[in-house]
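Peer 1: sequence first, predicted coordinates after that:
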Amino acid sequence: MGKIFIIAEAGVNHNGSLETARKMIDAAAEAGADAVKFQTFKTENLVCRNAEKAAYQKTTTDAGESQFDMLKRLELTPDMHKELINYCHEKNIMFLSTPFDVDSLHYLVDCGLGVIKVPSGEITNYPLLREAGKSGRRIILSSGMSTIDEVREAVAVLKENGSTEIAVLHCNTEYPTPFSDVNLKAMRTIKAEIGVPVGYSDHTPGIEAAVAAAALGAEIIEKHFTLDKNMDGPDHKASLEPNELAELVKAVRHIEQALGDGEKKPSESEKKNMSVARKSIVAGCEIKAGERFTEDNLAAKRPGSGLSPMLWNQVIGQKAKRDFAADEMIEL
C-alpha cells in the first residue's frame, strides 16, 4: 500500500468567512494533510425552504433558524472559491470540495479540480452521480447511511457514465459518531464486495477510529477540523482543532510505516540484538574430551553467537573432541 491520503475536512467550519477559510488552509498545511476540503453548493438547489435541520444541527446552531437560512450563510461564492484554490497552490496543499448539486459539480470541474468528492447524502442522487461519472475526474464517494447494495448501485452509475477511478469511504453520518456505530470492518466489506480502493471518513471524537482505519487498510482518511470547537456552527464540536489534526497526521504516518511489506523477517533495527537475545548450546558443567554430550551436561544460554539450540538433537550423543569448561560454547 502506498501513502495514505489524508483529507482535512474544513467543510463549512469557515462560517462563510474567507479569512477563516484561509486560516484553515494554513492549519491543514501545517498539520501535514494532503488536501483540505470545503463544500460547494447553491442553497436553492440543495434544500427546500421548509426542510428541518438535523438533530445535531439544532443543538449546535440557532434552533429557530431554518436549514435553508443556515446553509445560505455558509455558502462560498465563486470568487471565494478562486481565492481559496489559489491560496492552496501557494501553500502546496490540494484544494478539494464536495459538490451538493449538479451546477456546483460543473463549477468545480470548470475550476480544474482533478478529484470530485461525492458526499454521503448524495449517494442516491442519480443526476449528480451521472454527471460526476461524465466528468472524467477521479471520484471519492462517501457511503454514510447506505447499505452495501446502495454503494454497489452508486458505483455502477459512476462507471456506466465513464468513471474509471473510484474510491469509496466508509462513513457514519452522525456528528459525533458513537464508537459503537463506527463499524470499521464494513470498510473491508466494501473492498471485498465492490472491488475498489477504500478509506474512512471519520466523525468520531478524537483520532482513535481514524488511526484504526489506517491500520485496517484505509487508503484515504478524511477528518473534520476547525480552528476552535467553541465557534458557532453545525460541525465545530465534532471536529478536531489544529493541534489534534497534526496529531492525527503524525499517527497515520506512523501507522503506514508500521504496516510494512508483510514479509516476516528480521528487521534491520533488530538484527544487532539477535546474538544478545538468542541462545547457544553451551556446556552445563565441565565436560572432558571423549565424553558424550547429554541432556544433563548441556544447556542453552545467551549469547546466541554459537550453535543454535535448534541443533540440540544433532549434538546429543556426540563425543566431545576436547575439554569444555562450564558455560563454554560447544563446537562440533
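Peer 2: Received the coordinates, thanks.

Peer 1: just name the shakiest helix or strand of the protein by mean pLDDT.
Peer 2: helix 55-60 (a mean of 77; mean pLDDT, DSSP states H and E).

Peer 1: which pLDDT value goes with the residue lying farthest from the centre of the chain?
Peer 2: Centroid-distance maximum for the chain: Gly290 at 64.4 Å, with CA atoms, centre = their mean. Gly290 carries a pLDDT value of 96.

Peer 1: quick one: neighbours of the residue lying closest to it once chain neighbours are set aside, just the number.
Peer 2: The shortest distance from Gly290 to any non-neighbouring residue, by CB to CB, 6 or more residues apart in numbering, is to Lys319 (5.8 Å). In this view, the C-beta of every residue, glycine as well, is placed from N, C-alpha and C. Lys319 is flanked by 10 other residues according to other CB atoms under 10 Å.

Peer 1: and the helices in the stretch 1-150 of the chain?
Peer 2: Remark: helices assigned in the stretch 1-150 of the chain by DSSP state H, counting those that start in this stretch are 18-31, 43-46, 55-60, 67-72, 78-91, 102-110, 126-134, 148-160.

Peer 1: among those, which is nearest Asp232?
Peer 2: helix 55-60 (8.0 Å; CB to CB).

Peer 1: can I get that closest one in PDB? Just the C-alpha atoms.
Peer 2: C-alpha atoms of helix 55-60 as PDB (Å, rounded to 0.1, in the frame of the first residue of the first chain):
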ATOM      1  CA  ALA A  55     -31.000  17.000  15.400                       C
ATOM      2  CA  TYR A  56     -27.300  17.700  15.900                       C
ATOM      3  CA  GLN A  57     -27.600  21.000  13.900                       C
ATOM      4  CA  LYS A  58     -30.500  22.100  16.100                       C
ATOM      5  CA  THR A  59     -28.300  21.800  19.200                       C
ATOM      6  CA  THR A  60     -25.200  23.400  17.700                       C
END
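
Peer 1: show me what that helix is in contact with.
Peer 2: For helix 55-60, the external contacting residues (CB atoms under 8 Å, 6 or more residues apart in numbering) are Gln67, Met70, Glu174, Tyr175, Gly233, Pro234, Asp235, His236, Lys237, Ala238.

Peer 1: looking at these, which one is closest to Glu122?
Peer 2: Gln67 (15.9 Å).

Peer 1: how about the closest one, what does it touch?
Peer 2: Counted by CB under 8 Å, 6+ apart, Gln67 has contacts Val47, Ala51, Glu52, Lys53, Gln57.

Peer 1: which of those are buried? Put it as a ChimeraX command.
Peer 2: Applying 16 or more other CB atoms under 10 Å to the contacts of Gln67, the buried members can be selected in ChimeraX as follows:
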select :47,53,57
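
Peer 1: quick check, nearest of the contacts of Gln67 to Ala210?
Peer 2: Using CB to CB, Gln57 comes nearest to Ala210 of the contacts of Gln67, at 22.8 Å.

Peer 1: that older thread, tabulate the helices of the stretch 1-150 of the chain (CSV), appending distance to Ala10.
Peer 2: Output for those, formatted as CSV (distance: least, CB to CB, whole Å):
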stretch, distance to Ala10
helix 18-31, 5
helix 43-46, 18
helix 55-60, 16
helix 67-72, 15
helix 78-91, 9
helix 102-110, 15
helix 126-134, 21
helix 148-160, 24
